[in-house]
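A.B. asks: show me the folded form of this:
(2 chains)
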Amino acid sequence: MIVKKQKKQRPKNLNLFTIRLPVNAMVSIMHRASGVLLFLVQPLLLWALHTSLHSAQGYQQVAIVLKDWPVKLLLSILGWAFLHHFFAGLRHLAMDVHWMTTLQKARFSSRVVLALGAMSTLCWVWVLW
Amino acid sequence: MWFELFTARYPGMRRWLTQRLCALTMAIYMLLFLLRVCWLSPSDFSGWQALFMPWWWRVLTGWFFICMLLHAWLGVRDVLRDYVPHLTLRAMLQWLVDITVIGNLLAAGLILFGLNF
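C.D. replies: Below is the predicted model:
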């Protein structure tokens, strides 16, 4: 009974506007979010692959679609999602084999992942537009 | 033996290891893809088709798609388990995800090895 009462009295803050995530948590949750986003666009990717490989007209069709600016914007976002997921995933793999697991090193590698993601996204956007 | 980790005796380990091995495979494939695009630099339809023409590249790409879909399926499964506490709703969403993954896999197989191409 006492334990139950204590549990109820425990202060609790789940307000997303006042919770400040540490950089590790940011990288981790963005890894998740980008993963879900990439899962959702798989059918679009497969459609583009099918249409562009099927015939010359299909290839032209995809090329024209990819010239639209909303599509380019979407592709920029997806590019970031892919690149962040890629680098953050490599970081997770490194941690799985016990590299960079102290808090200090993990913070450092999180910043490296964010920087690599941002820089490679800039390259991608530059090539795309 | 190490391959015991992939048997039903270690279901959690099996999922965890599978997801990570798939991730590694995909990372290697993406690098190869980038190298191939730089090497062949396709600028039109015939160039693009030539990129996917060799049988070994189609086999590698098929392997990539299998890994990608397994990886994504396991990842989305974890996300649903974390964020959807309502069991019936979760089962329904999981069912939708399963159907999508199987559909994507069939589509990828048809694109790579289908009659049309």
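
A.B. asks: going forward, measure contacts between C-alpha atoms and count neighbours the same way
C.D. replies: OK.

A.B. asks: what about stretch B:12-22, near chain A?
C.D. replies: Yes. Contact of stretch B:12-22 with chain A (C-alpha under 8 Å from any C-alpha of the partner chain) involves residue B:20.

A.B. asks: just the C-alpha atoms of that stretch, please, in PDB.
C.D. replies: Only the C-alpha atoms of stretch B:12-22 are listed here, as PDB (Å, rounded to 0.1, in the frame of the first residue of the first chain):
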ATOM      1  CA  GLY B  12      15.400 -12.200 -29.000                       C
ATOM      2  CA  MET B  13      19.100 -12.700 -30.000                       C
ATOM      3  CA  ARG B  14      18.000 -13.900 -33.400                       C
ATOM      4  CA  ARG B  15      16.000 -10.800 -34.100                       C
ATOM      5  CA  TRP B  16      18.700  -8.500 -32.700                       C
ATOM      6  CA  LEU B  17      21.500 -10.100 -34.700                       C
ATOM      7  CA  THR B  18      19.500 -10.400 -37.900                       C
ATOM      8  CA  GLN B  19      18.700  -6.700 -37.800                       C
ATOM      9  CA  ARG B  20      22.300  -5.800 -37.300                       C
ATOM     10  CA  LEU B  21      23.700  -8.100 -39.900                       C
ATOM     11  CA  CYS B  22      21.100  -6.800 -42.400                       C
END
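
A.B. asks: could I get the buried residue list for that stretch?
C.D. replies: For stretch B:12-22, burial by neighbour count (16 or more other C-alpha atoms under 10 Å in any protein chain shown) applies to B:14-16, B:18-20, B:22.

A.B. asks: greatest separation within those: which pair is it?
C.D. replies: Set against one another by C-alpha to C-alpha, those have their most distant pair in B:14 and B:22, with a gap of 11.9 Å.

A.B. asks: what mean pLDDT does the host helix or strand of residue A:24 get?
C.D. replies: The secondary structure element spanning residue A:24 is helix A:23-40 (assigned by DSSP states H and E). Averaging pLDDT along helix A:23-40 gives 95.

A.B. asks: does anything pack onto the helix or strand just after it? Which helices or strands?
C.D. replies: Downstream of helix A:23-40, the next assigned helix or strand under DSSP H and E is helix A:42-54. In terms of contact count using 3 or more C-alpha pairs under 8 Å, 6 or more residues apart in numbering or on different chains; DSSP states H and E, helix A:42-54 is assigned the packing partners helix A:56-65, helix B:45-51, helix B:87-113.
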